[in-house]
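Student: Okay, structure incoming, though there's no sequence with it:
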């Protein structure tokens, strides 16, 4: 339990469009922070600390985050492509309490959940609807590993952009004494294993943070044979979010179904837009209240201002944000993305004319879609939209 509260007055007033972004980044400021809240007015930060005694040091770190993210920050112009947030819904409570009571979800550890039959059937059904999009484009199926190469992630600057969310894969070093010591003494103590860091190997792989990256890595250092490719895959993604791992809104590991486009700029942008148009009818059948708007990825502090502004200015990312009636808020359940020629340049993938390929993807977070659906329509199938009720009841 937190032992003390620290109130911080930021040296810079935090603008409204950065309140949520800065609050999420405060989870990574110091291990002593159990929770953080930025006032909507942007003039106060409240930290719950696990222990007292280092308040001055922690406040200095907080001020650094505010300075780097808020100084000179200009509110982006949000473009809304679709707005169906007023679509009728029949439920107003947080579904998590009911899911826990029914043992439909079980939290094994922070951000790690097991799902029961109801959630599993909903996830399977929603994925089948997203596969309609893949079939519409005759997307080629791919299967990707859960592990991802550290070498390739380095080539695409992932360590610079998203270091805070990485999950590392390692193993015991090939040393008889180390393996024997681990086998005899390893125990879970406090917040983790008691094994010393020197027992573990140097990191060569990480748990995959994204599905589409695997496809780009498989195409690296070669011309794209036909000049264009549409692929689809589903995979488990891992993004560590510290104290932001709350409810089913943010999971340490989650499942993404993606339809991926590789080719010329016009090819990728055309198919991204066709994806959005195709999905409108499906979301209407699902009775989903949502909005599609410009957004940015959760870049870390040092890269945030530059990269977020770039993404917004060039409309590289549109989020599908579903309404959560119980908290009068929205949750990103998917996105329509355009990466320009970033992966083509960094990975040496070229078109027949020698120019770097462009890439994009349409991605859906399956657990979030199921959670948002229950938040809007509840547990009584009689209140569900016809398409969902007929498929599952």
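Tutor: Okay, I see it. Bear in mind that the values here come from a model prediction, so they are computed numbers and not experimental data.

Student: what about this structure, any weak spots by pLDDT?
Tutor: 1-2, 73, 297-315 (pLDDT under 70).

Student: Now do stretch 42-57: distance to the chain's middle.
Tutor: 27 Å (C-alpha atoms, centre = their mean, to the nearest Å).

Student: which parts of that stretch are buried?
Tutor: For stretch 42-57, a neighbour-count test (16 or more other C-beta atoms under 10 Å) marks 42, 45, 47-49, 55 as buried. All C-beta atoms are positioned from the backbone trio N, CA, C, and that covers glycine.

Student: before we move on, what about stretch 338-354?
Tutor: Within stretch 338-354, the residues that qualify as buried are 338-344, 346-347, 349-351, counting by 16+ other C-beta under 10 Å.

Student: Turn the residues you listed into JSON lines, columns for secondary structure and distance to residue 373.
Tutor: What follows is the buried residues of stretch 338-354, written out as JSON lines (DSSP: H, G, I helix; E, B strand; the rest coil; distance: C-beta to C-beta, whole Å):
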{"residue": "338", "secondary structure": "strand", "distance to residue 373": "27"}
{"residue": "339", "secondary structure": "coil", "distance to residue 373": "29"}
{"residue": "340", "secondary structure": "coil", "distance to residue 373": "33"}
{"residue": "341", "secondary structure": "coil", "distance to residue 373": "36"}
{"residue": "342", "secondary structure": "helix", "distance to residue 373": "33"}
{"residue": "343", "secondary structure": "helix", "distance to residue 373": "32"}
{"residue": "344", "secondary structure": "helix", "distance to residue 373": "36"}
{"residue": "346", "secondary structure": "helix", "distance to residue 373": "37"}
{"residue": "347", "secondary structure": "helix", "distance to residue 373": "36"}
{"residue": "349", "secondary structure": "coil", "distance to residue 373": "37"}
{"residue": "350", "secondary structure": "strand", "distance to residue 373": "42"}
{"residue": "351", "secondary structure": "coil", "distance to residue 373": "40"}
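
Student: which ones among the buried residues of stretch 42-57 are found in helices?
Tutor: residue 55 (DSSP state H).

Student: what's the farthest-apart pair in the buried residues of stretch 338-354?
Tutor: Using C-beta to C-beta, the buried residues of stretch 338-354 span at most 18.4 Å, a distance reached by 338 and 350.

Student: can you give me the helices for the stretch 101-250 of the chain?
Tutor: Applying DSSP state H, counting those that start in this stretch to the stretch 101-250 of the chain gives helices spanning 117-136, 150-155, 158-161, 176-185, 212-218.

Student: Comparing the ones you listed, which comes out most buried?
Tutor: With neighbours taken as mean count of other C-beta atoms under 10 Å, the helices of the stretch 101-250 of the chain reach their highest mean count in helix 212-218, at a mean of 22.

Student: Does anything pack onto that one? Which helices or strands?
Tutor: strand 147-149, helix 150-155, strand 229-238, strand 253-263, helix 342-347, strand 358-365 (3 or more C-beta pairs under 8 Å, 6 or more residues apart in numbering; DSSP states H and E).

Student: same thing but 6 Å
Tutor: Helix 212-218 sits against strand 253-263, with contacts defined as 3 or more C-beta pairs under 6 Å, 6 or more residues apart in numbering; DSSP states H and E.

Student: Quick check: can you name the pairing partners of the strand it packs on and their directions?
Tutor: Sheet pairing of strand 253-263 (DSSP bridges) gives strand 229-238 (antiparallel), strand 358-365 (antiparallel).

Student: Mind listing residues that contact the longest one?
Tutor: Yep, that's strand 229-238 we're talking about. For strand 229-238, the surrounding residues in contact (C-beta atoms under 6 Å, 6 or more residues apart in numbering) are 134, 137, 139-142, 144, 146, 167, 207-211, 215, 253-257, 259-262.

Student: Which residue lies nearest the spatial centre of this structure?
Tutor: residue 239 (6.5 Å; C-alpha atoms, centre = their mean).

Student: and the gap between that one and residue 54?
Tutor: The gap separating residue 239 from residue 54 is 28 Å, by C-beta to C-beta, to the nearest Å.

Student: and what of residue 89?
Tutor: Applying C-beta to C-beta, the value for residue 89 to residue 54 is 45 Å.

Student: Residue 176 now?
Tutor: From residue 176 to residue 54 the distance is 41 Å (C-beta to C-beta).

Student: Could you do residue 340 as well?
Tutor: On the measure of C-beta to C-beta, residue 340 and residue 54 end up 43 Å apart.

Student: what's the answer for residue 190, then?
Tutor: For residue 190 relative to residue 54 (C-beta to C-beta), the value is 19 Å.

Student: show me the contacts for the residue nearest to the centre of the chain.
Tutor: 165, 209.

Student: mind listing the strands for the stretch 1-150 of the chain?
Tutor: Remark: strands assigned in the stretch 1-150 of the chain by DSSP state E, counting those that start in this stretch are 4-8, 33-38, 45-49, 80-83, 105-109, 112-115, 140-141, 147-149.

Student: Would you tell me which of these gets closest to residue 380?
Tutor: strand 105-109 (18.3 Å).

Student: Contacts for that closest one next, please.
Tutor: With C-beta under 6 Å, 6+ apart, strand 105-109 has contacts from 99, 113-115.

Student: the inter-axis angle of the helix or strand hosting residue 282 versus strand 253-263?
Tutor: Residue 282 is part of helix 265-285 when elements are defined by DSSP states H and E. Angle of helix 265-285 versus strand 253-263, following axes from the mean of the first three to the mean of the last three C-alpha atoms, to 10 degrees, is 140 degrees.

Student: who does helix 265-285 touch, helix- and strand-wise?
Tutor: Against helix 265-285 (3+ C-beta pairs under 6 Å, 6+ apart) you get helix 117-136, strand 329-338, strand 358-365.

Student: Distance to residue 285 added to the ones you listed, as TSV?
Tutor: Below are the helices and strands packed on helix 265-285 laid out as TSV (distance: least, C-beta to C-beta, whole Å):
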stretch	distance to residue 285
helix 117-136	8
strand 329-338	15
strand 358-365	15
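
Student: can you list the domains in this protein?
Tutor: 4-70, 80-163+209-392, 168-199 (automatic domain parsing).

Student: Just give me how far stretch 120-127 sits from the chain centre.
Tutor: Here stretch 120-127 is found 19 Å from its chain centre; the criterion is C-alpha atoms, centre = their mean.
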